[in-house]
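Peer 1: Below: sequence and its predicted model.
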Amino acid sequence: MASLSPASKKALANLRAFRPPPTNYYKCPLARRAAVLILLFADRRGDLRVVLTIRSTGLRNYSGQAALPGGKADSLQETPFYTARREAFEEIGLAMSDHKLPIGYEVEHLAELPTNLAMTELGVRPCVAFLKTPPPSPRNQNPDAARDLLPKLDAKEVAAVFTAPFSNFLRERDLDEEARKTVPGEWYKGSWHSWHETAWRMHQFFVPVNPSSVFLADHKPRQPRVAEEQLSETTGAEMLPPKPQSKSPASKSAQSSLQPPLPRSFYKNADDPLQQPRYRVFGMTARILVDCARVAYGEEPEFEHNSHFGDEDMIERLISIGRLSSIRKEGEILTRDVMVQAGRAKM
């Protein structure tokens with residue numbers, strides 16, 4: 001297995017030891033269950049990187065946006081991790097079993113994070129896994145996942161597979177000094193926005209890419225699956241904003257002024273996303289990565305953020321008032337009135 005840095009070893013140990021609180025995921029009907037895969041691997045320096053995708057430009061919703069591999073559950077018997085692995089296989093060709101991976105590679109299920117709630121009322125369970133690289137051998141003296149595996153992934157529903165430095169999702173600027181000097185743009189932008197009178201932190205990360213970290217699909221996009229299209233509404237920025245982080249009145253968060261809700265144009269890519277020196281990661285995907293990094297590295301980010309993990313409490317409250325039913329009604333969204341009603345529900 002590739003040599004891991006001390007920080008990476010500790011991060012993996014923290015994820016293995018993480019025990020999420022009781023989840024309301026299994027209280028959701030099948031139509032409301034989805035999962036995403038946070039796939040980590042070690043680079044040549046032993047630091048952890050995470051695998052992401054750029055959604056195909058041929059998709060009807062959120063085309064060209066960065067997302068974690070994921071999708072909706074196919075049956076009530078599926079675990080979130082099985083759903084995430086199956087969707088990763090269907091989207092980027094990551095084999096479902098280790099013996100179908102390149103020789104010596106293995107996927108270890110590390111942890112699951114608290115369930116997130118999408119604005120379309122889907123419960124999205126983040127599942128964390130580690131892609132183990134094999135020890136050096138005569139056949140492969142210098143195993144490298146980015147070289148040996150990722151370029152071979154058959155991207156069926158995405159335009160590109162790319163990787164990002166995992167610990168950087170706790171930082172305000174690029175950890176890679178070379179990227180700071182040579183890649184135009186900055187790593188992080190964030191702002192507080194109002195969402196039905198709730199403070200919500202919008203994270204935007206701009207991941208520098210190069211030929212060793214991005215792998216383009218070599219085919220034309222196909223017609224998207226129904227399940228994939230439904231999950232697409234959860235992987236972008238339209239998610240249920242969590243409660244604001246509790247800080248003292250003198251903190252930066254308390255001094256931040258709320259901006260209006262983001263316009264629809266914010267979620268669209270005006271330019272070809274694959275031709276940019278940095279790929280934008282934002283919304284639910286960014287929030288999930290920040291929370292996962294918080295667990296892994298045992299520290300809080302340098303930037304302001306919402307403090308709690310996931311939306312388990314709100315999911316339970318919505319269920320108690322009859323939302324998250326098995327029948328999805330056209331145009332059903334989380335309005336301010338619904339949120340107020342759920343907030344008043346007795347638990």
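Peer 2: Structure received. Numbering: from 1, shown residues only.

Peer 1: Which pLDDT value does the model give the residue nearest to H305 when sequence neighbours are not counted?
Peer 2: Leaving out its chain neighbours, the residue that sits closest to H305 by C-beta to C-beta, 6 or more residues apart in numbering is R201, at 5.2 Å. Where you see a C-beta, it was placed from the backbone N, CA and C, and this is true even at glycine. For R201, the model assigns a pLDDT of 90.

Peer 1: try S3
Peer 2: pLDDT, the model's per-residue confidence, is 84 for S3.

Peer 1: Might one say that it is in contact with D43?
Peer 2: No: between S3 and D43 there is no contact under C-beta atoms under 8 Å: 10.6 Å.

Peer 1: and the residue nearest to H305, what element?
Peer 2: strand 198-208 (DSSP states H and E).

Peer 1: which helices and strands sit right next to that strand?
Peer 2: strand 158-165, strand 188-195, strand 278-282, helix 283-297 (3 or more C-beta pairs under 8 Å, 6 or more residues apart in numbering; DSSP states H and E).

Peer 1: Worst mean pLDDT among those?
Peer 2: strand 188-195 (a mean of 86).

Peer 1: And it, what's buried?
Peer 2: For strand 188-195, the neighbour count (16 or more other C-beta atoms under 10 Å) marks Y188, G190, W192, H193, W195 as buried.

Peer 1: in this structure, which spans are strands?
Peer 2: All strands of the chain, identified by DSSP state E, fall at 33-42, 48-55, 66-67, 70-72, 106-112, 116-117, 123-132, 158-165, 188-195, 198-208, 214-216, 278-282.

Peer 1: Quick one: closest of those to L324.
Peer 2: Proximity to L324 (C-beta to C-beta) singles out strand 123-132 among these, at 7.4 Å.

Peer 1: tell me the centre residue of the protein?
Peer 2: In the chain, the residue lying closest to the centroid (C-alpha atoms, centre = their mean) is T285, at 3.4 Å.

Peer 1: Surely that one touches R55?
Peer 2: No: look at T285 against R55 with C-beta under 8 Å: they stay out of range, at 10.6 Å.

Peer 1: For the residue nearest to V183 when sequence neighbours are not counted, grab the count of nearby residues.
Peer 2: If the residues on either side of it in the chain are set aside, V183 comes closest to P208, at 4.0 Å by C-beta to C-beta, 6+ apart. When neighbours are counted by other C-beta atoms under 10 Å, P208 registers 23.

Peer 1: P208 and W192, how far apart?
Peer 2: Shown here: P208 relative to W192, a distance of 26 Å by C-beta to C-beta, to the nearest Å.

Peer 1: residue ranges with poor pLDDT in the chain?
Peer 2: 1-2, 57-62, 195-197, 218-265, 267-270, 347 (pLDDT under 70).

Peer 1: show me what contacts the residue nearest to V183?
Peer 2: With contact taken as C-beta atoms under 8 Å, 6 or more residues apart in numbering, P208 is in contact with D174, D176, A179, V183, G185, W187, P277, R278.

Peer 1: Is it bridged to anything, and to what?
Peer 2: Legend: beta-bridge partners of P208 under DSSP bridges are R278.

Peer 1: next one: F41
Peer 2: For F41, the beta-bridge partners are R49, L131 (DSSP bridges).

Peer 1: so how far is E106 from it?
Peer 2: Distance of F41 to E106, given as C-beta to C-beta: 11 Å.

Peer 1: Quick one: end-to-end length of stretch 24-37, please.
Peer 2: Start-to-end span of stretch 24-37 (C-alpha to C-alpha, to the nearest Å) is 19 Å.

Peer 1: And stretch 106-123, by the same measure?
Peer 2: OK, stretch 106-123 end separation, C-alpha to C-alpha: 28 Å.

Peer 1: in it, what's buried?
Peer 2: Buried-residue list, stretch 106-123, by 16+ other C-beta under 10 Å: 107, 109-123.

Peer 1: Over to stretch 46-56?
Peer 2: Neighbour-count burial for stretch 46-56, counted by 16+ other C-beta under 10 Å, picks out D47, L48, R49, V50, V51, L52, T53, I54, R55, S56.

Peer 1: Just send the residues you listed back as TSV, with distance to K9 too.
Peer 2: Below are these laid out as TSV (distance: C-beta to C-beta, whole Å):
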residue	distance to K9
D47	11
L48	10
R49	15
V50	17
V51	20
L52	23
T53	27
I54	30
R55	33
S56	36
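
Peer 1: thinking again about what came up before, present the buried residues of strand 188-195 as TSV; the columns should include distance to M96.
Peer 2: What follows is the buried residues of strand 188-195, written out as TSV (distance: C-beta to C-beta, whole Å):
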residue	distance to M96
Y188	35
G190	36
W192	41
H193	39
W195	37
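
Peer 1: Can you tell me which of these is nearest L170?
Peer 2: L170 lies nearest to Y188 out of the buried residues of strand 188-195, by C-beta to C-beta, at 10.0 Å.

Peer 1: This completes my enquiry, with thanks.
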